[in-house]
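Participant: predicted coordinates and the sequence they were generated for:
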2 protein chains.
Amino acid sequence: MKWCRFQSENKSAYGIIEEDTVVEVSGTPFGRYTKTADIYPLSSVKLLVPVIPPTFYAAGINYPEHMTWAAHMRGEEPVLPKKADIGYRAINALIPHEKPIIIPKDATDLVQYEGELVIVIGRTCKKVSKEEALDYVLGYTIGNDVSERSWQRSDRTMWRAKNTDTFKPMGPWIVTDLDPDKIHVKITLSGRLVGKYDVKTAIFGVRHYISEMSQYLTLVPGDVIWMGTDGANENMKDGDVVEIEASDIGVLRNPVVRER
Amino acid sequence: MKWCRFQSENKSAYGIIEEDTVVEVSGTPFGRYTKTADIYPLSSVKLLVPVIPPTFYAAGINYPEHMTWAAHMRGEEPVLPKKADIGYRAINALIPHEKPIIIPKDATDLVQYEGELVIVIGRTCKKVSKEEALDYVLGYTIGNDVSERSWQRSDRTMWRAKNTDTFKPMGPWIVTDLDPDKIHVKITLSGRLVGKYDVKTAIFGVRHYISEMSQYLTLVPGDVIWMGTDGANENMKDGDVVEIEASDIGVLRNPVVRER
């Protein structure tokens, strides 16, 4: 099943995508819902960020090649993380599929994509095992963890580096009933393949993160967990288009614009 | 004006506190609202966290004595922060006035309070000056940034140390039209005064944080910014009651319970 959020006249609504159409839904995928009689061509609707999460979680360092690359960029040797220590991102930075990533005037050229699988939590959970973890997932979407690397080094926190407005594209929709271990991610920059990896190569997988986090905190419907990226990243410049493709989900595409 | 959120039958509602009563409101303090005819004695209502923030911001290191104390605890010399680099906390951890802080079974004894002033944003803002900053504030409330110090040292992020369920008491209500520079904070642990400071001694003040953050990100109605704490902290143990008092706002009180 494919869930989206979209602009319907002056309000936002959830919808179910069936082939090339969106069926407007009354309610949400997290509770009771009914299909309405309003059906739109998918190509005609303005997609929104598929969910506004109560808490926006992100695994920072979770794939071996990316970790090694990032450590070498800092002039350090890579140290494998021992625990699934989750991090946070911010709501203000979220933008949907097709909306431009705006590079601020005072950013350096080191503004880079990170293509990621995103887990969307469907049911409240606390202290669940790895075996049960996927029962609490509604589905999966795609995220681009845009990062300004000079700020990532200079600031005490990642507030500007990762949470500047427009730095968190997420979408285009949420797909349910997938096996996360079978998902393959491909990243293209203005049509050129710049990265690819298998989600199953993550240091800590989806089940592990959900189980470990839930030992201390309650995950609630709509919470998202961005799973990290693999490989090296390149800079994005004004006029570029970045596409993150995840098999069985779709393509998250955003143009890049530098503020003048 | 004093705004609260409270349990009204099976739903939550905003209310305006007038002397010893709560007037139920239709709408929110962030938009249009009208007072209803439903008025309750303040002592009879169950207060909720006064706002569920879209993004939950927190200044980590923002008062000189606390910074010096924390650096010495780590065996380091204090280094004054050069910039107002904001951090993040998580929604799952929020609890209202009077609800118990639960120390997990596997936490050490190093679970400590941090009494803080909390800014509640009232209007959307981006790229505002220090002079304009307070125009975007709805009001002020109180926060207790409960922290498990061993996890704060051992984990790569602050997820468990600061965001374990119940570790973020906030309330009891929001007071508008205050001068933040005149607010004085007092912390008592089971009736014993354990800390006090003036908000105006912060390294970076309320106006500075709002202005700096807004250069890169959009602050929206309901966002909260926790301003940090001053001084040394002590451990809280099972059976303690911790009270954070902020002049002209009130007292945020929470009992402490260790999970068995």
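Facilitator: Thanks, I have the structure now.

Participant: near chain B, which residues of the stretch 51-200 of chain A?
Facilitator: Applying Cβ under 8 Å from any Cβ of the partner chain, we find that the stretch 51-200 of chain A lies next to chain B at A:52, A:54-55, A:57, A:60-61, A:81, A:83, A:85-93, A:104, A:126, A:155-157, A:159-160, A:163-165. Placement of C-beta: from N, CA and C, glycine included.

Participant: show only the entries of these found in strands.
Facilitator: Counting by DSSP state E, the part of these found in strands is A:57, A:86, A:87, A:88.

Participant: the third one bridge partners, please.
Facilitator: What that stands for is residue A:87. Applying DSSP bridges to residue A:87 gives these bridge partners: residue A:58.

Participant: residues near it, how many?
Facilitator: Residue A:87 has 19 neighbours, counted by other Cβ atoms under 10 Å in any protein chain shown.

Participant: contacting residues for it?
Facilitator: A:57, A:58, A:59, A:60, A:158, B:156, B:157, B:159 (Cβ atoms under 8 Å, 6 or more residues apart in numbering or on different chains).

Participant: secondary structure element for the closest residue to the third one other than its chain neighbours?
Facilitator: Just to be clear, that refers to residue A:59. The shortest distance from residue A:59 to any non-neighbouring residue, by Cβ to Cβ, 6 or more residues apart in numbering or on different chains, is to residue A:228 (4.3 Å). Using DSSP states H and E, no element contains residue A:228; it sits outside every helix and strand.

Participant: residue A:228: neighbouring residues, count only.
Facilitator: Around residue A:228 there are 24 other residues, counting by other Cβ under 10 Å.

Participant: then the one 5 residues further on?
Facilitator: Using other Cβ under 10 Å, the number of residues around residue A:233 comes to 24.

Participant: A helix includes it, no?
Facilitator: No - secondary structure of residue A:233 (DSSP: H, G, I helix; E, B strand; the rest coil): coil, not part of a helix.

Participant: so it sits against residue A:112, correct?
Facilitator: Yes - assessed by Cβ atoms under 8 Å, residue A:233 is found in contact with residue A:112 at 4.0 Å.

Participant: quick check: neighbours shared by the two?
Facilitator: With Cβ under 8 Å, 6+ apart as the test, residue A:233 and residue A:112 both reach residue A:147.

Participant: the residue in the stretch 101-250 of chain A positioned nearest to chain B - nearest residue in space that isn't next to it in sequence?
Facilitator: Chain B sits closest to residue A:156 of the stretch 101-250 of chain A, with a gap of 4.1 Å, by Cβ to the nearest Cβ. The shortest distance from residue A:156 to any non-neighbouring residue, by Cβ to Cβ, 6+ apart, is to residue B:85 (4.1 Å).

Participant: what about the residue of the stretch 101-250 of chain A closest to chain B, how many residues close to it?
Facilitator: Per other Cβ under 10 Å, the neighbour tally for residue A:156 reads 14.

Participant: kindly report the same for residue A:98.
Facilitator: Number of residues near residue A:98 (other Cβ under 10 Å) recorded here: 15.

Participant: what's the answer for residue A:80, then?
Facilitator: Using other Cβ under 10 Å as the criterion, residue A:80 is surrounded by 9 other residues.

Participant: got the contact list for it?
Facilitator: Listed by Cβ under 8 Å, 6+ apart, the contact partners of residue A:80 are A:64, A:67, A:203.

Participant: now these as TSV including secondary structure?
Facilitator: Below are those laid out as TSV (three-state DSSP):
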residue	secondary structure
A:64	helix
A:67	helix
A:203	coil
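
Participant: so where's the stretch 51-200 of chain A shaky on pLDDT?
Facilitator: Within the stretch 51-200 of chain A, no stretch has pLDDT under 70.

Participant: please enumerate the helices of it.
Facilitator: Using DSSP state H, counting those that start in this stretch, the helices assigned to the stretch 51-200 of chain A run over residues A:64-73, A:149-154, A:159-163.

Participant: ranking these by burial, who's on top?
Facilitator: Of all the helices of the stretch 51-200 of chain A, helix A:159-163 has the most neighbours on average by mean count of other Cβ atoms under 10 Å in any protein chain shown, namely a mean of 25.

Participant: show residues contacting that one.
Facilitator: By Cβ under 8 Å, 6+ apart, the surrounding residues in contact with helix A:159-163 are A:58, A:89-90, A:92-93, A:145-149, A:151-152, A:155, A:168, B:85-88, B:213, B:216-217.

Participant: count of neighbours near the closest residue to residue A:69 other than its chain neighbours?
Facilitator: In space, and not counting its chain neighbours, residue A:69 is closest to residue A:232: 4.4 Å by Cβ to Cβ, 6+ apart. Neighbouring residues of residue A:232 were enumerated by other Cβ under 10 Å; the total is 15.

Participant: could you do residue A:1 as well?
Facilitator: Residue A:1 has 13 neighbours, counted by other Cβ under 10 Å.

Participant: for it, which non-adjacent residue is spatially closest?
Facilitator: Going by Cβ to Cβ, 6+ apart, residue A:1 has residue A:176 as its nearest residue, at 4.5 Å.

Participant: isn't residue A:51 right next to residue A:225, touching?
Facilitator: No - under the criterion of Cβ under 8 Å, residue A:51 is not in contact with residue A:225, lying 11.9 Å apart.

Participant: still on that earlier bit, ok, now which ones touch the residue of the stretch 101-250 of chain A closest to chain B?
Facilitator: Contacts of residue A:156 by Cβ under 8 Å, 6+ apart are B:60, B:61, B:81, B:83, B:85.

Participant: Produce a ChimeraX select command limited to the buried residues of these.
Facilitator: The buried residues among those can be selected in ChimeraX (16 or more other Cβ atoms under 10 Å in any protein chain shown) with this line:
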select /B:60,61,85
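
Participant: out of the contacts of residue A:156, flag the one nearest to residue B:184.
Facilitator: Nearest to residue B:184 among the contacts of residue A:156: residue B:61, at 20.6 Å, using Cβ to Cβ.

Participant: so residue A:219 is in contact with residue A:122, correct?
Facilitator: No - Residue A:219 is beyond contact range of residue A:122, at 9.6 Å (criterion: Cβ under 8 Å).
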